[in-house]
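Student: quick one: sequence and predicted model below, then my questions.
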Amino acid sequence: MTSTRAARSKKSLFLLALATVAALFSLLLPVPRADAAAGLEEVTGFGSNPGALKMYRHVPEGLPAGRPVVVVLHGCTQNAAGYGPGSGWTELADRWGFSVVVPEQQTANNANRCFNWFEAGDSSRGQGEAASLAQMVDRQLADASGDPARVHVTGLSAGGAMTSVMMAAYPEKFTAGGVVAGLPYGCAQAAGSPYVCMYVGATQTPRQWGDRVRAAHPGYAGPWPRLTVLHGSADTTVKPVNMGDLVEQWTDVHGADQAADVSDTVGGYPHQVFRGPDGGAVVETYSLTGMGHGQPVDPGSGAEQCGTAGAYLLDVDLCAAYRLGKAWGLG
């Protein structure tokens, strides 16, 4: 009995020592990062970064030179690792062959991780977060030998509002933009408050809306980025009136009228196209009937499917990233 207990005691001590060594060894091993698991690479040293943002990117293996770049801006409470893949953009990058830049907001800048689209110091050319995003574009074009004539920007909610900022403040850098559940440029100033803008909208004429964009880069004469807007008709966080205001703003900038040249349905949802003086599409809209606040996704393996359902990533049988990519000629 005594010898048996002694043997068991020695075995227990051995197992305890083994577990301790294993635990200590595990502390020395690299811990997988969420961004790495999502197929994103962090990039540092991309410029002076006055907005103190983080830069992540996804570059498909073997991507040739001269390919497009898409900048993808997450919404409030989100991050790069969740939104880049969740929205479907990294999947499409692999499928179609382009690179993706996924900026990330920091809680030190905004407690809810919202891009500060409503702050003049972050939404003006050459300043704050807008300047940081422009620096990311320059770094990505240099590193990936990307095509500067095919750079696009898109985002959800606050990221959608920041998309409007980049289209207005740096129009020479972007061919087109996609605003998902976002807001027009200068809306917070026009409404007197970002919350009034989000929940009520701002009272502006199309010319007043357009003047706000033109004032963002004085002297710039074009060409201006094309715009696609996707917005849920049941969105109570950013009211759908903002989609109408975006149409007024960017049709005015492009010298178009506010009458749709095409009104049909895509994927069962109302869809409109507004053409400029030369007949080309300059503004396009999708009204997601019954959808609340979020990014439209359509999980699956079909040709038109992409994205993963989750918080603010809403499975509505239409993938916004796919529709934007097709409109931009990426696929």
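Tutor: Okay, I see it.
Student: and Gln105, how close does it get to Tyr269?
Tutor: Distance check for Gln105 against Tyr269: by C-beta to C-beta, to the nearest Å, it reads 29 Å. Backbone N, C-alpha and C define where each C-beta goes, glycine included.
Student: neighbour count winner among those two?
Tutor: Gln105 (28 against 22; other C-beta atoms under 10 Å).
Student: tell me the pLDDT at the more buried one?
Tutor: What the model reports as pLDDT for Gln105 is 98.
Student: which stretches in the stretch 1-150 of the chain count as helices?
Tutor: Along the stretch 1-150 of the chain, counting by DSSP state H, counting those that start in this stretch, helices occupy 2-28, 34-37, 80-86, 89-96, 128-144.
Student: weakest of these by average pLDDT?
Tutor: Ranked by mean pLDDT, the helices of the stretch 1-150 of the chain bottom out at helix 2-28, with a mean of 37.
Student: residues in contact with the host helix or strand of Leu227?
Tutor: Element membership of Leu227, judged by DSSP states H and E, is strand 226-232. Residues from elsewhere that reach strand 226-232 (C-beta atoms under 8 Å, 6 or more residues apart in numbering): 167, 175-182, 238, 240, 242-243, 246-247, 250, 281-288, 290-294, 296, 314, 320, 323-324, 327.
Student: are any of the residues you listed buried, and which?
Tutor: Buried members of the contacts of strand 226-232, scored by 16 or more other C-beta atoms under 10 Å, are 167, 175-182, 238, 240, 242-243, 246-247, 250, 281-288, 291, 293-294, 296, 314, 320, 323-324, 327.
Student: restricted to helices, list the residues you listed.
Tutor: The members of the buried ones among the contacts of strand 226-232 that map onto helices under DSSP state H are 167, 242-243, 246-247, 250, 320, 323-324, 327.
Student: from the chain's centre, how far out does stretch 72-79 sit?
Tutor: Distance of stretch 72-79 from its chain centroid, counting by C-alpha atoms, centre = their mean, to the nearest Å, is 7 Å.
Student: how about the contacts made by the spatially closest residue to Glu304 that is not a sequence neighbour?
Tutor: Excluding the flanking residues, the one nearest Glu304 by C-beta to C-beta, 6 or more residues apart in numbering is Tyr322, at 5.4 Å. With contact set as C-beta under 8 Å, 6+ apart, Tyr322 has these partners: 88, 92, 298, 304-306, 331.
Student: again, only this time at 7 Å
Tutor: Taking C-beta atoms under 7 Å, 6 or more residues apart in numbering, we find Tyr322 in contact with 88, 92, 304, 306.
Student: cool, and Cys197?
Tutor: 183, 187-188, 191.
Student: where does the prediction get shaky in the chain?
Tutor: 1-38 (pLDDT under 70).
Student: in it, which spans are strands?
Tutor: Ranges of strands in the chain, per DSSP state E, are 41-43, 54-58, 69-73, 99-104, 151-156, 176-180, 226-232, 262-266, 269-275, 281-288, 295-297, 313-315.
Student: of the ones you listed, which is nearest Asn79?
Tutor: Nearest of those to Asn79, taken as C-beta to C-beta: strand 99-104 at 5.5 Å.
Student: what does the closest one rub up against?
Tutor: Under the contact criterion C-beta under 7 Å, 6+ apart, strand 99-104 has outside partners 40, 53-59, 63, 67, 69-73, 79-80, 83-84, 89-90, 93, 133, 136-137, 140, 144, 146.
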